[in-house]
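Asks: Test case, fold it:
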Amino acid sequence: MKNLSEADIGDIITIIKNNANHSFKERLFALGLTTGAKVEVLRKGPKNNLTVYRIRGAMIALRNEEVNNIICS
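Replies: Numbers count the residues shown, from 1 in each chain. Below you'll find the predicted structure:
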């Protein structure tokens, strides 16, 4: 198991657990980052701080500190 921020470009991973604080967890749930969701890593930005993910058909850019608490396989 690893954090979502550690996934490589082209990986398609499954969300296992979301350990973010309550208010941010709700935002991530609204974006589709729920347990069992398939997420594809599309590209990484400068200095690998910003990453673009495809989640349920939508492309979403998130910073590493936002996804460090998301455990995936």
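Asks: contacts, neighbours, all on C-alpha from now
Replies: Will do.
Asks: ok, now which ones touch Ala58?
Replies: Going by C-alpha atoms under 8 Å, 6 or more residues apart in numbering, Ala58 touches no other residue.
Asks: how about the strands of the protein, start to end?
Replies: 2-3, 12-18, 38-44, 50-55, 58-63, 70-72 (DSSP state E).
Asks: Nearest to Phe29, out of those?
Replies: Proximity to Phe29 (C-alpha to C-alpha) singles out strand 12-18 among those, at 9.0 Å.
Asks: just the angle between that closest one and strand 38-44, please?
Replies: Comparing the axes of strand 12-18 and strand 38-44 via axes from the mean of the first three to the mean of the last three C-alpha atoms, to 10 degrees yields an angle of 110 degrees.
Asks: any idea of the mean pLDDT for strand 12-18?
Replies: Mean pLDDT, computed over strand 12-18, is 94.
Asks: got the strands of the chain as TSV, with distance to Phe24 columns?
Replies: Listed next are the strands of the chain as TSV, based on distance: least, C-alpha to C-alpha, whole Å:
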stretch	distance to Phe24
strand 2-3	16
strand 12-18	10
strand 38-44	18
strand 50-55	17
strand 58-63	12
strand 70-72	11
